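A.B. asks: need a structure here:
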Amino acid sequence: MMFVNYRTLSTTFLLVVTLTLTATAAGVLPVGQPEYRAIYDRLERLETLSADRVDWQLGPYPLDDDRFSFGPFTQFRNAAEQRVHMFGFAGGDVRASKGNSGEAFGSFRGGLVGRPIDRVFVYGSFTIDEELAEDPEYHGKVWRGFAGDVQDAFVRIDGGSFAATIGRFGSFWGIRNSLVLAGDSRLDGFGYRFRWGRLTISYRLARLDGLSPQHDGVEEFENRYFAGHRLDWHISDRFRIGGFETVIFGGPGRQIELFYLNPLIFFHGTQLNEGADDNTLIGFDFTARPMLGLKLYGQLLIDDFQIDKRSQGDQETDQFGATFGLYAVDFPPQCDVRLEYTRVTNWTFNQVLERNRYSINGDPLGAARGNDYDEFRLSLIRWLDDDLSVRLNGGWLRQGEGRVDAEWTAPWLATDGDYSEPFPTGVVERTVTGSLGLNGFVGDYLFVDVTGGVEFVHNRNHVAGDEATRPFAQVTVSAFLSTLVDLE
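C.D. replies: This is a model prediction of the structure:
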């Protein structure tokens, strides 16, 4: 038995009927699914070895680009008029760690890919999953321990310099582990990009999960929306810089604001002029390839930054997130190295109004762990073939007591004069991790992601002096099946 969002399906069907009247579209490989993520890892390697002006900063990537290899999913290109490509993933996920009972979850994911007319691309997928049924943020139906939902359901149109995607889909902005918008966040809405020489303008609008009286304790249902726009400039074939602005807005009975549909308007200034209390973020990111095989990248987002010091309210702490990294390819041959550091201050992504928090279903819209933490990661990658790699990973994490969903207490207002707080805050949990894993495709249709390692935790669960050593293992295996169905 499967439970799906029928409104999403019906909306997508109407979009398909409408868009088949305008024939210019190319397909994309979705982001956010483990099997697809492995392909994107390989594509990032290709990016690092390239000197070009491809919009690598905007995922998902087009299937029709012959420069890219999409592994077993390259066959999605074969879906043509009067034919539908049906596919499925059947697999399981097993996890175990010291001090915790082992967990095993089964899942099945299926879907279809089609081109109703030349260059009109339709993608839809659903999941039936045991793990989803145990997610505390999932409020849908559960049948015999399984829950189901539509993962992706979208139409892609592409007119060359202009491309648009409509429906439910994930995307990333700037860098793969983007703090502002990451591929694991599948949103219902639309997005587009317009390429003009060295410039690329992008836009995204989506409806988020609302706040309900039943689950969130509000008096009446509160709508929540996301809007964002960005501008990227390819200064050269080896250097790109981009700026972005996003906003979370909503409220009881509030609908989409027309001024947030304008990609050229300054959202923050507009919401101030309109007297709205919405939550805006701004920031920038960059990618530099000073030499083939070496990529430097970074992203900075600013939630709130105090310039004036005229009142006690101006003592509010600066709220920002930043990621900086280095990726070196073939160092030595067939071996890659990645170094990455991320820092997100306390109160970032939070706001006085719960509906304005920068999250969906309790998780950040970007790839951040939350807030009030910093993390350093090192990965050594040995490629066994085009789509299979062995990875040695190390990590160091400091996590404070702050949370995105914490009550907004504004402690700077409870003091006189200057206010400051340590980073991270409270009793800091420190974790050092080492692991070894195998990730990718064995043959054409079997995906594996096997990881084993150990965590050393100090001040576990923010209890001073509580130490723990936790060996862990995780195994994810899935088999990919597909077939072409002739509709004539």
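A.B. asks: Using PDB, write down the CA coordinates of stretch 270-283.
C.D. replies: This file holds the C-alpha atoms of stretch 270-283, laid out as PDB (Å, rounded to 0.1, in the frame of the first residue of the first chain):
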ATOM      1  CA  THR A 270      10.900  45.600   0.200                       C
ATOM      2  CA  GLN A 271       9.800  43.700   3.300                       C
ATOM      3  CA  LEU A 272      10.900  46.600   5.500                       C
ATOM      4  CA  ASN A 273       8.900  49.100   3.300                       C
ATOM      5  CA  GLU A 274       5.900  46.800   3.400                       C
ATOM      6  CA  GLY A 275       6.000  46.500   7.200                       C
ATOM      7  CA  ALA A 276       6.400  42.700   7.100                       C
ATOM      8  CA  ASP A 277       8.300  40.700   9.600                       C
ATOM      9  CA  ASP A 278       9.900  38.200   7.300                       C
ATOM     10  CA  ASN A 279      13.300  36.500   7.600                       C
ATOM     11  CA  THR A 280      15.800  37.400   4.900                       C
ATOM     12  CA  LEU A 281      19.300  36.100   4.300                       C
ATOM     13  CA  ILE A 282      22.000  37.400   2.000                       C
ATOM     14  CA  GLY A 283      25.400  36.000   1.000                       C
END
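A.B. asks: How about residues contacting it?
C.D. replies: The set of residues external to stretch 270-283 that reach it, using CB atoms under 8 Å, 6 or more residues apart in numbering, is 180, 243-249, 257, 259-260, 267-268, 299-303, 351-353, 356-358. In this view, the C-beta of every residue, glycine as well, is placed from N, C-alpha and C.
A.B. asks: buried stuff in that stretch?
C.D. replies: Counting neighbours by 16 or more other CB atoms under 10 Å, one finds that the buried residues in stretch 270-283 are T270, Q271, D278, N279, T280, L281, I282, G283.
A.B. asks: Walking through the stretch 151-300 of the chain, point out its helices one by one.
C.D. replies: 213-216, 267-274 (DSSP state H, counting those that start in this stretch).
A.B. asks: looking at these, which is closest to N439?
C.D. replies: For the helices of the stretch 151-300 of the chain, proximity to N439 was assessed by CB to CB; helix 213-216 is nearest, at 35.8 Å.
A.B. asks: low pLDDT regions in the stretch 101-250 of the chain?
C.D. replies: 101, 137, 139 (pLDDT under 70).
A.B. asks: Three-state assignment for F349, please.
C.D. replies: When classified by DSSP: H, G, I helix; E, B strand; the rest coil, F349 comes out as coil.
A.B. asks: okay, it: pLDDT?
C.D. replies: Note for F349: predicted pLDDT of 96.
A.B. asks: Pull up the gap between it and F121, please.
C.D. replies: F349 sits 33 Å away from F121, going by CB to CB, to the nearest Å.
A.B. asks: Next: P34.
C.D. replies: Distance, P34 to F121, using CB to CB: 22 Å.
A.B. asks: which stretches of the stretch 51-200 of the chain form strands?
C.D. replies: Using DSSP state E, counting those that start in this stretch, the strands of the stretch 51-200 of the chain run over 58-59, 61-62, 83-97, 100-114, 121-129, 142-143, 146-158, 162-169, 172-173, 187-196, 199-207.
A.B. asks: With respect to burial, which of those scores highest?
C.D. replies: When you average the neighbours per residue for each of the strands of the stretch 51-200 of the chain (mean count of other CB atoms under 10 Å), strand 172-173 leads with a mean of 24.
A.B. asks: Most distant residue from the centre of this structure?
C.D. replies: Within the chain, the residue lying farthest from the chain centre (CA atoms, centre = their mean) is D416, at 40.2 Å.
A.B. asks: Quick check: chain neighbours aside, which residue is closest to that one?
C.D. replies: Closest residue in space to D416, ignoring its immediate chain neighbours: Q312 at 7.5 Å, by CB to CB, 6 or more residues apart in numbering.
A.B. asks: next one: G465
C.D. replies: By the measure of CB to CB, 6+ apart, the closest residue to G465 outside its immediate chain neighbours is N459, 7.1 Å from it.
A.B. asks: before we move on, what about A182?
C.D. replies: Nearest residue to A182 in three dimensions, chain neighbours excluded: A367, at 4.0 Å (CB to CB, 6+ apart).
A.B. asks: Need the per-residue pLDDT for that neighbour.
C.D. replies: Predicted confidence (pLDDT) for A367: 95.
A.B. asks: Distance of it relative to I235?
C.D. replies: Applying CB to CB to A367 and I235 gives a distance of 25 Å.
A.B. asks: repeat for D386
C.D. replies: D386 is 31 Å from I235, where distance means CB to CB.
A.B. asks: before we move on, back to that, what are the phi and psi angles of the residue nearest to A182?
C.D. replies: Dihedral pair for A367: phi -90, psi 10, per degrees, to the nearest 10.
A.B. asks: what number of residues lie near it?
C.D. replies: For A367, the neighbour count with other CB atoms under 10 Å is 22.
A.B. asks: Over to D405?
C.D. replies: For D405, the neighbour count with other CB under 10 Å is 12.
A.B. asks: next structured bit after the helix or strand encompassing L380?
C.D. replies: Per DSSP states H and E, L380 falls inside strand 373-385. Sequence-wise, the next helix or strand downstream of strand 373-385 (DSSP H and E) is strand 388-399.
A.B. asks: partners of that following strand, with directions?
C.D. replies: Its sheet considered, strand 388-399 pairs with strand 373-385 (antiparallel), strand 429-442 (antiparallel) by DSSP bridges.
A.B. asks: So which residues make contact with the first one?
C.D. replies: So the one you mean is strand 373-385. For strand 373-385, the surrounding residues in contact (CB under 8 Å, 6+ apart) are 45, 334-344, 369, 389-400, 423-424, 440.
A.B. asks: Would you list the buried entries among those?
C.D. replies: 45, 336-338, 340, 342-344, 389-391, 393, 395, 397-400, 423-424, 440.
A.B. asks: OK, contacts around S69?
C.D. replies: Contacts of S69 (CB under 8 Å, 6+ apart): R42, L43, L46, D386.
A.B. asks: Check F226 too.
C.D. replies: F226 neighbours (CB under 8 Å, 6+ apart): L187, G189, R204, L205, A206, R207, L208, T246, V247, I248, I360, L365.
A.B. asks: Could you do L292 as well?
C.D. replies: Applying CB under 8 Å, 6+ apart to L292 gives the contacts T48, L49, S50, A51.
A.B. asks: Next one, pLDDT for the third one please.
C.D. replies: Per-residue pLDDT puts S50 at 93.
A.B. asks: G59 versus the residue nearest the centre of the chain, what's the distance?
C.D. replies: Nearest to the mean C-alpha position of the chain, counting by CA atoms, centre = their mean, stands A182 at 1.9 Å. Computed as CB to CB, the A182 to G59 distance reads 9 Å.
A.B. asks: Show me the common contact partners of the two, please.
C.D. replies: With CB under 8 Å, 6+ apart as the test, A182 and G59 both reach F172.
A.B. asks: Might you report the residue contacts of V432?
C.D. replies: So V432 contacts G394, G395, W396, L397, E455, F456 (CB under 8 Å, 6+ apart).
A.B. asks: Revised request: answer the last question for I241.
C.D. replies: By CB under 8 Å, 6+ apart, the contact set of I241 is D232, W233, I235, F284, D285, F286.
A.B. asks: buried set for the lengthiest strand in the chain?
C.D. replies: Scanning the chain for the strand with the most residues, using DSSP state E, yields strand 467-486. Using 16+ other CB under 10 Å as the test for burial, strand 467-486 gives R470, F472, Q474, V475, T476, S478, F480, S482.
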